[in-house]
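*Asks:* from the sequence below, what's the structure:
(3 chains)
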Amino acid sequence: MGDEIKQTVMAYMRKDIITNLLDKEERLDGRKFDEYRPVEVHKGVITTAEGSGLAKVGETMVLVAAKFDVVTPFPDRPTEGVFIMNSELLPLASPTFETGPPREDSIELARTVDRAIRSSEAIDIDSFFVEEGKVLGLFMDIYVLNYAGNYTDAATLAAAAALIDTKKPKVENAAIVRGEYSGPLNPKAIPVSTTFMKIGKEWILDPLREEEAVADTRITIATTETHVCAIQKGQGSVTKDELLNNIDIAFKKGSELRKILL
Amino acid sequence: MGGLKDVKLIVDGKRLDGRTAEDLRKIRMQVGIVPEADGSAFIEWGGNKIICGVYGPRECIPKHEANPYKAVIKCRYMMSPFASLEEHGRSGPSRRSTELSKVIKEVFENLILAEEFPNTQIEVYIDVLQADGGTRTASIAVAAVALANAGIPMKDMVSAVAVGKGGDELIVDLGKLEDNFGQSDMPLAISAKDKRLLLVQMDGLLTKEEIGKILDMAERSAAKVSKIQMDVLRNHYAKDESEGFKL
Amino acid sequence: MNERKIVVPGEKIADSAIRIPGAYMEGGATYAALVGLLDEDGKYIPLESRYRPMLDDVVVGMITDARHAGYSVDLLLPKEGFIPARMLRITLQLGDFVVAKIRKIERSGMAELGEVRRLPKGKIIEFPSAKIPRLIGKKSSMLDILRTNAGGDIVVGNNGYVWMSEKCDIPLLMKAIDLIRSKAHKPGLTDAITKFFEQHKR
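*Replies:* Numbers count the residues shown, from 1 in each chain, chains lettered A, B, ... in the order given. Sure, this is the predicted structure:
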């Protein structure tokens, strides 16, 4: 609790410093407003999972692992596979993360990335049918390993990398044969997200933790090559023009980030 | 744990992965790979991949748990739902992870100079990202390095290894199959300087003579792990650039 | 002990029992309790440590609470510091940065501060405790280099908080401090910093 109060007071006092820099077109780490920190993506890092991705955006590091199980389908969609996304803000990743049940931030992260993947139709969920009453369930876990700001974009990158890396398991007699595969998952689209923050009157991309603490508005826009597939606004408000402008930037940044994935 | 006779753990004098009785699996470690934590380390030991972050001394919360004479050591060992080759696990603590958190904490309670920080807590977070037998001993090995990286004063370093019996042979560093189908599993943590046993657990059936022998084997193996920990720390603090985290 | 080497907790650093910070005595010898450097003369320097408040230490902190009796100060310690109101001639606000001296340390770990001076508008960052002497340098030599090149004042607290004036070139200074953090106990630190500022002259 002490850490949270401190962060709030620090954030309040630090805002001046950050906005002064922004007036001079500078950020704390010398980046331009629309510049990402160095981005690195690795695939196939967890061999016990059917697919995995590790993404680093600056010092922020997020791991996503994908595993399949045979599960019961939803009663209203008996032939459709199941896709479940979970997220953990690991307590080791930041002095501000605590142990205990998932906080609203963690749940929002899972649901935002879930939405991006589901809407993009990356996963052919109809191909997960096994037999009556049984379908494949794809479980993805977002593990934030080091939090230095903007875990959302890092999580989406890691999830996309995991989808590209994932192999569908071999299924025999309605059971998964672990260690054997029927082929790559072959996602039909690669969603990528761009997170924007407004501080004072300036919009910046890929915020540092310190910038997140003083931001008035936060909005994440996920895109495929052709469409917007998810939007999540956090605190604050946007005008219609700001949203449309950010969407343009999201497409541009999205294609840059997508190149790193492939 | 059973001793199932149809899983042959020793074939032609060699273990399933080709090792001899006293061979350790390959171990690779990295230090300081979670910059936000006060100290951190990562270990890849055979097929295990475990990350550890340390915080503290920090304010002890809840306040009623604080000890006016020394720091309270807290440890959270968690298995990721994707860590096993089998099904996707559930999130959150299990009875097993709760027990392991306790015995690992008790290893470090022997070593940390806790009297230097009364009314505080020191937290050790261990997350198993990939499991392949021997996660608790690998966790102890990586946590010791993370604590050193965090500048938490300790009397000694500690290393750990699981010894036991499989296919009627006394062996060290049990892999997953040996753990599941062997005749006995005995995880041990041994302090580097004093060679004291800081973790002792055991299941299965062993005679006293067998235990005497595997304790010696454990000392030899733990010394090898200890050397790896020391080399990793020395290299980390001597090098110019820090290498990127390789999971 | 002729070679400079890195020692880990539990390694012997002296054959007699000597009281050294970061080490402990046992059975007539002294052992490292922290990862440290044992230099050619047998001197032991911890490379990682947690700050332990000492009387008269100069510390930098942030006001986190103002009450009738005084102020709570975040000092990066497990327990917040305290400034008794009667010791101050000025009024402080939530979020103010201060530099002060430790006057008293309670059993609970709470440090009482005196000689409190409010710092002007600026930013504070955390810096590892064991490397603070290198950030300051012999007779503040490193600090002087930083102040000159950053164009503003910098105040270093022994507790690990470093304050920099808003007049400083903050992005440049942050990079320089990062460089010191990574090269702290390695040879060639001063040269590296001088070269850094030469290359980044703006």
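*Asks:* and the helices in the chain?
*Replies:* Assuming you mean chain A. Per DSSP state H, chain A carries helices over the ranges A:2-23, A:104-120, A:151-165, A:209-214, A:240-261.
*Asks:* meant chain C, my bad for not saying
*Replies:* In chain C, helices defined by DSSP H lie at C:132-136, C:141-150, C:170-183, C:189-199, listed in chain order.
*Asks:* burial check on the closest residue to C:L172 other than its chain neighbours, number of neighbours?
*Replies:* What sits nearest to C:L172 in space, not counting adjacent residues and going by Cβ to Cβ, 6 or more residues apart in numbering or on different chains, is C:H200, at 6.0 Å. No exception for glycine: its C-beta is placed from N, CA and C like everyone else's. C:H200 has 14 neighbouring residues, counting by other Cβ atoms under 10 Å in any protein chain shown.
*Asks:* reformat the helices of chain C as TSV; add mean neighbour count and distance to C:G122.
*Replies:* Formatted as TSV, those follow (neighbours: other Cβ atoms under 10 Å in any protein chain shown; distance: least, Cβ to Cβ, whole Å):
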stretch	mean neighbour count	distance to C:G122
helix C:132-136	18	16
helix C:141-150	17	11
helix C:170-183	18	9
helix C:189-199	14	20
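*Asks:* circling back: check whether the residue nearest to C:L172 really touches C:K175, as I assumed.
*Replies:* Yes. Using Cβ atoms under 8 Å, C:H200 and C:K175 qualify as a contacting pair, with a distance of 7.5 Å.
*Asks:* quick revisit: and A:D16, which of the helices of chain C is closest to it?
*Replies:* Ranking these by distance to A:D16, with Cβ to Cβ as the measure, places helix C:170-183 first at 11.8 Å.
*Asks:* who does the closest one touch, helix- and strand-wise?
*Replies:* Applying 3 or more Cβ pairs under 8 Å, 6 or more residues apart in numbering or on different chains; DSSP states H and E, one finds that helix C:170-183 contacts helix A:2-23, strand C:122-126, helix C:132-136, helix C:141-150, strand C:161-165, helix C:189-199.
*Asks:* quick revisit: would you mind measuring from the residue nearest to C:L172 to C:P171?
*Replies:* Taken as Cβ to Cβ, to the nearest Å, the spacing of C:H200 relative to C:P171 amounts to 10 Å.
*Asks:* next one: A:E225
*Replies:* 34 Å.
*Asks:* which residues of chain C lie near chain A?
*Replies:* Counting by Cβ under 8 Å from any Cβ of the partner chain, the residues of chain C lying close to chain A are C:62, C:64, C:74, C:80, C:94-95, C:97, C:121-124, C:166, C:170-172, C:174-175.
*Asks:* just the buried residues of those.
*Replies:* Neighbour counting with 16 or more other Cβ atoms under 10 Å in any protein chain shown marks C:62, C:64, C:74, C:80, C:97, C:122-124, C:170-172, C:174 as buried within the residues of chain C next to chain A.
*Asks:* make a markdown table from the residues you listed and add pLDDT to it.
*Replies:* Compiled in a markdown table, these are given as follows (pLDDT from 0 to 100):
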| residue | pLDDT |
| --- | --- |
| C:M62 | 94 |
| C:T64 | 91 |
| C:D74 | 94 |
| C:E80 | 94 |
| C:F97 | 95 |
| C:G122 | 91 |
| C:K123 | 90 |
| C:I124 | 91 |
| C:I170 | 91 |
| C:P171 | 91 |
| C:L172 | 94 |
| C:M174 | 93 |
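*Asks:* where in chain B is pLDDT low?
*Replies:* Judged by pLDDT under 70, chain B has its weakly predicted residues at B:1-6, B:240-242.
*Asks:* domain map for chain C?
*Replies:* Listed by automatic domain parsing, the domain ranges of chain C are C:5-46, C:58-118, C:122-199.
*Asks:* endpoints of the second one, how far apart?
*Replies:* End-to-end distance for domain C:58-118: 13 Å, by Cα to Cα, to the nearest Å.
*Asks:* before we move on, what about the longest one?
*Replies:* For domain C:122-199, the separation between the terminal residues is 25 Å (Cα to Cα).
*Asks:* that older thread, including distance to B:N149, could the helices of chain C go into a markdown table?
*Replies:* Compiled in a markdown table, the helices of chain C are given as follows (distance: least, Cβ to Cβ, whole Å):
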| stretch | distance to B:N149 |
| --- | --- |
| helix C:132-136 | 18 |
| helix C:141-150 | 24 |
| helix C:170-183 | 14 |
| helix C:189-199 | 21 |
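*Asks:* right, and the ones you listed - which one's nearest A:D124?
*Replies:* Each of the helices of chain C was checked against A:D124 via Cβ to Cβ, and the shortest separation belongs to helix C:170-183, namely 45.8 Å.
*Asks:* what number of residues are in the vicinity of the residue nearest to B:E65 when sequence neighbours are not counted?
*Replies:* Leaving aside its chain neighbours, B:E65 sits nearest to B:V72 (5.9 Å; criterion: Cβ to Cβ, 6+ apart). A count of nearby residues for B:V72, using other Cβ under 10 Å, gives 20.
*Asks:* where does pLDDT dip in chain A?
*Replies:* Where chain A drops into low confidence, which here means pLDDT under 70, it does so at A:1-13.
*Asks:* ditto for chain C
*Replies:* C:1-2, C:202.
*Asks:* around chain B, which positions in it sit nearby?
*Replies:* C:5-6, C:8-11, C:22, C:24, C:26, C:31, C:33-35, C:37, C:46-50, C:52, C:78-79, C:107-109, C:128-130, C:182-183, C:185-186.
*Asks:* how about 7 Å then?
*Replies:* Remark: the part of chain C in contact with chain B comprises C:6, C:8-10, C:22, C:24, C:33-35, C:47-50, C:52, C:78-79, C:108-109, C:130, C:186, using Cβ under 7 Å from any Cβ of the partner chain.
*Asks:* report the contact partners of the residue lying closest to A:T79 once chain neighbours are set aside.
*Replies:* Taking Cβ to Cβ, 6+ apart as the measure, A:T79 lies nearest to A:F129, with 4.8 Å between them; neighbours along the chain are not counted. By Cβ atoms under 7 Å, 6 or more residues apart in numbering or on different chains, the contact set of A:F129 is A:79, A:81, A:135.
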